[in-house]
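>>> Following is a predicted model, sequence given first.
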Amino acid sequence: MTTDTETHPGDTGAEPKRRFRFPTAFTVLFFVLVLVWILTFIIKPGTYSYVSCDGGSPKPIPGTFEKVDLSLSFQERLYDLWLSPVNGLYGIRTPAEVVSKPSAELLKKAQAACGTEGGKQVPAEVVTAPGNTGPYNSGDLAGAVQVFFFVLAIGAFITVTIKTGALDAGIGRVTHRFRKRGLLLIVILMVIFSVGGTTYGMAEETLGFYAIILPVIIALGFDRMVGVGIILVGAGVGTLSSTVNPFATGVASDAAGVALGDGIGLRLIMYVVITTIAVLYVLWYARRVKADPAKSMAPAVEGDEALASGQAGPPDPMTGRQKTVLWIFGLTFLLMIFSVIPWGDFSASLEGITLGWYFPELAALFLVGAVLVGLVGGLGEEGTVTGIVSGAGDFIGAALIIAVARGVTTIMNNASITDTVLHFLEGAVSGLNSGVFAVVMYLVNIPLAFLVPSSSGHATLAMPIMAPLGDFAGVSRAMVVTAYQSASGWMNLFTPTSAVVMGGLALSRIRYDRFLRFIAPLLGIILILTCLFMLLGVAVPALGGPVK
């Protein structure tokens, strides 16, 4: 937590005033880490019986919770806290073991938990609960090292692309070409930013575009709020309805134990509908302001009048290198999207084209892409390597947040309180209609998104608890992932804890309260629409993701 000081004229001897500033995601997670560790001394340990459905990952069997005796010394608990970030990165969890002779009643509950497929019982195998997590264990990877390395790889790829100047040049060309068709330009730019949001969670990268786009938007007779709508809202609604965004959908899917492509049908529909609504909203405001500048929510500042009366010169022509870089950039993301979609789930005839890539393959893809972009973009061997290292360094913060957040999960698992919390929540949601459950999951994630504005940190923290709740309620884990990312995206459209929001407004020279007035109606519309989409995803499992 930090404080600012401010003085006022005439306050020569006055004490400087302190102004509260919300702590960073790291500080919030640190307090969560310590709080959860303290709760392990209070919450009684317990465990469910687990079942593996057709060889899948173990999941808890509803109605089988029982308390257990766990004698951990204070030193052992302190050791868990000490190693929690390390365990969150590359901790190994002792795997579940098959129960050789389960009781008939337990086997019946396990079969009920797995359900049927095509009128036949899905094979159900009763297993023990997974064991504790530690860096020296043998078993299954519990840490987020795959996601950690992928975040660094995609950071390297994006940074190298930016260093070639191709992204800035591309946006500049599009902006200039449509500068006399202002409304069409708004649509094109918002769609571009939304695609960046839905594919790779475009956020901090948007801050570099305000200097490029704002002057043109003002020159076209609009105000600065329109520029904020194009950049901040455009990328924000794309992230809200992420299709394959690795920092939201990818991290959450990994923590929930489902494939990245599960539930992509519903997320695609959400992306199209919500992006269209957002574009129409910004267009409505832009027309209103151009017709009557007095209705602007962002009064002109010094220099705007000159921009509005002047004509910006044409941008420098794009080089062949820059055009090739943009093709590589686009094709890399297209390959990522193609590789994670479970085509075989749509039709058996498409099984042959299903790549089934996951974080290791995707990390390799973006590292190779970074090298290609650097060399083709003229950065040379040294410039390419420097860009890769610099990009990985820029994204190390997001990667570390994932590891720390996963460390919270390891503390709960090692103290055997995860299932106790699940049991409490199972009782809270039992009897809820599956559609109501999905809406509740969405609403519950909204305050969590405020406390942890990092989408990846939020996912890693919440999914281990919330995803199994979907099993109890008969809702797919993919729907729980969609509910989480929608809540995170909605909150990050306006939260004052986001550097993207506050930084964008500072660059646009717009007060936060004015921005809230501008975006409030759109937030209400999106909130209602998302609740309806939650109901749709549960009603049509082919869209929201089947219950597994």
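The structure has been received and is ready for your questions.
>>> From residue 154, how far out is the residue most central in space within the chain?
What sits nearest the mean C-alpha location of the chain, by Cα atoms, centre = their mean, is residue 248, with 2.0 Å. Look at residue 248 and residue 154: by Cβ to Cβ, to the nearest Å, they are 13 Å apart. All C-beta atoms are positioned from the backbone trio N, CA, C, and that covers glycine.
>>> unless I'm mixing things up, residue 58 is touching residue 97, no?
No. Using Cβ atoms under 8 Å, residue 58 is not in contact with residue 97; the gap is 9.9 Å.
>>> who has more neighbours, the two?
The neighbour comparison of residue 58 against residue 97 (other Cβ atoms under 10 Å) goes to residue 58, with 22 against 12.
>>> Which residue is the nearest non-sequential neighbour of the more buried one?
Closest residue to residue 58 apart from its sequence neighbours, by Cβ to Cβ, 6 or more residues apart in numbering: residue 50 at 4.1 Å.
>>> May I have the phi/psi pair for the one you found?
phi -120, psi 160 (degrees, to the nearest 10).
>>> Can you tell me the SS state at residue 129?
coil (DSSP: H, G, I helix; E, B strand; the rest coil).
>>> pretty sure it contacts residue 51?
No. With contact defined as Cβ under 8 Å, residue 129 does not count as touching residue 51 (10.9 Å).
>>> List the contacts of residue 68.
Counting by Cβ atoms under 8 Å, 6 or more residues apart in numbering, residue 68 touches 45, 46, 47, 416.
>>> For these, which two are the farthest from each other?
45 and 47 (7.5 Å; Cβ to Cβ).
>>> quick check, distance from the strand or helix carrying residue 402 to the centre of its chain.
Element membership for residue 402, per DSSP states H and E: helix 396-414. Distance, stretch centre to chain centre, for helix 396-414: 15 Å (Cα atoms, centre = their mean, to the nearest Å).
>>> what packs against that helix?
Applying 3 or more Cβ pairs under 8 Å, 6 or more residues apart in numbering; DSSP states H and E, one finds that helix 396-414 contacts helix 25-39, helix 74-90, strand 133-134, helix 145-163, helix 251-256, helix 418-429, helix 455-473.
>>> Can I get it in CSV, CA atoms only?
The C-alpha trace of helix 396-414 is given here as CSV (Å, rounded to 0.1, in the frame of the first residue of the first chain):
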residue,chain,number,x,y,z
ILE,A,396,7.2,-11.6,-15.1
GLY,A,397,4.8,-9.8,-12.8
ALA,A,398,1.7,-11.5,-14.2
ALA,A,399,3.6,-14.9,-14.2
LEU,A,400,4.6,-14.5,-10.5
ILE,A,401,1.0,-13.6,-9.5
ILE,A,402,-0.1,-16.9,-10.9
ALA,A,403,2.5,-18.8,-8.9
VAL,A,404,1.6,-16.9,-5.6
ALA,A,405,-2.1,-17.5,-6.2
ARG,A,406,-1.6,-21.2,-6.8
GLY,A,407,0.4,-21.2,-3.6
VAL,A,408,-2.8,-20.4,-1.7
THR,A,409,-4.4,-23.5,-3.1
THR,A,410,-1.4,-25.7,-1.9
ILE,A,411,-1.7,-24.4,1.6
MET,A,412,-5.4,-25.3,1.7
ASN,A,413,-4.8,-28.7,0.2
ASN,A,414,-1.9,-29.6,2.6
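>>> quick revisit: looking at the helices and strands packed on helix 396-414, which is buried most?
The highest average neighbour count among the helices and strands packed on helix 396-414, using mean count of other Cβ atoms under 10 Å, belongs to helix 251-256 at a mean of 28.
>>> Please pull up the helix or strand immediately following that helix.
Downstream of helix 251-256, the first helix or strand assigned by DSSP H and E is helix 264-291.
>>> Quick check, the residue nearest to residue 58 in contact with residue 129.
Yes. Contact criterion Cβ under 8 Å: residue 50 and residue 129 qualify, at 5.4 Å.
>>> Name the residues contacting each of those two.
Joint contacts of residue 50 and residue 129 (Cβ under 8 Å, 6+ apart) are 58, 96.
>>> Looking at those two, which is more packed in?
Per other Cβ under 10 Å, whichever of residue 50 and residue 129 has more neighbours is residue 50, with 22 against 19.
>>> Look up the residues forming beta bridges with that one.
Counting by DSSP bridges, residue 50 is bridged to residue 60, residue 127.
>>> That one: what's it in contact with?
58, 59, 60, 61, 96, 126, 127, 128, 129, 130.
>>> what's the closest of those to residue 140?
Of all the contacts of residue 50, residue 130 has the smallest distance to residue 140: 7.3 Å, by Cβ to Cβ.
>>> and the closest residue to the closest one other than its chain neighbours, how many neighbours?
In space, and not counting its chain neighbours, residue 130 is closest to residue 96: 4.9 Å by Cβ to Cβ, 6+ apart. By the measure other Cβ under 10 Å, the count of residues near residue 96 is 20.
>>> you'd agree residue 96 is in a helix?
No. Assessed with three-state DSSP, residue 96 is coil; it does not lie in a helix.
>>> What distance do you get for it to residue 363?
28 Å.
>>> repeat for residue 72
From residue 72 over to residue 363 (counting by Cβ to Cβ), the distance is 36 Å.
>>> The two: which has the busier surroundings?
Neighbour count, other Cβ under 10 Å: between residue 72 and residue 363, residue 363 has more, with 23 against 17.
>>> Quick check: residue 188 is in a helix.
Yes. Under three-state DSSP, residue 188 sits within a helix.
>>> correct me, but it touches residue 178?
Yes. Taking Cβ under 8 Å as the definition, residue 188 is a contact partner of residue 178 at 6.3 Å.
>>> The helix holding residue 402 versus helix 455-473: what angle between them?
Angle, helix 396-414 to helix 455-473, by axes from the mean of the first three to the mean of the last three Cα atoms, to 10 degrees: 30 degrees.
>>> Could you give me the buried positions within helix 396-414?
Residues of helix 396-414 classed as buried under the neighbour-count rule (16 or more other Cβ atoms under 10 Å) are 398-414.
>>> Repeat that for stretch 496-506.
497, 498, 500, 501, 504, 505.
>>> Stretch 177-197 now?
For stretch 177-197, burial by neighbour count (16+ other Cβ under 10 Å) applies to 178-179, 182, 185-190, 192-197.
>>> now do stretch 52-64
52, 53, 58, 59, 60, 61, 62, 63, 64.
>>> rewinding a little: tell me if I'm right that the residue nearest to the centre of the chain and residue 242 touch.
Yes. Counting by Cβ under 8 Å, residue 248 does reach residue 242; the two are 4.7 Å apart.
>>> sorry, back to before: would you point out the most distant pair within the buried residues of stretch 177-197?
179 and 197, at 23.8 Å, using Cβ to Cβ across these.
>>> residues contacting residue 269?
By Cβ under 8 Å, 6+ apart, residue 269 lies in contact with 533, 536, 543.
>>> could you dump those to a markdown table with neighbour count?
Putting the contacts of residue 269 into a markdown table (neighbours: other Cβ atoms under 10 Å) gives the following:
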| residue | neighbour count |
| --- | --- |
| 533 | 26 |
| 536 | 16 |
| 543 | 21 |
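>>> now, which of these sits nearest residue 518?
Distances from residue 518 to those, taken by Cβ to Cβ, are shortest for residue 533, at 23.8 Å.
>>> Quick check: closest non-adjacent residue to that closest one.
Residue 533 sits nearest to residue 270 (Cβ to Cβ, 6+ apart), 5.3 Å away.
>>> who's in contact with that neighbour?
240, 241, 482, 486, 530, 533.
>>> Quick check: of these, which lies closest to residue 321?
Of these, the one sitting nearest to residue 321 (Cβ to Cβ) turns out to be residue 241, at 33.5 Å.
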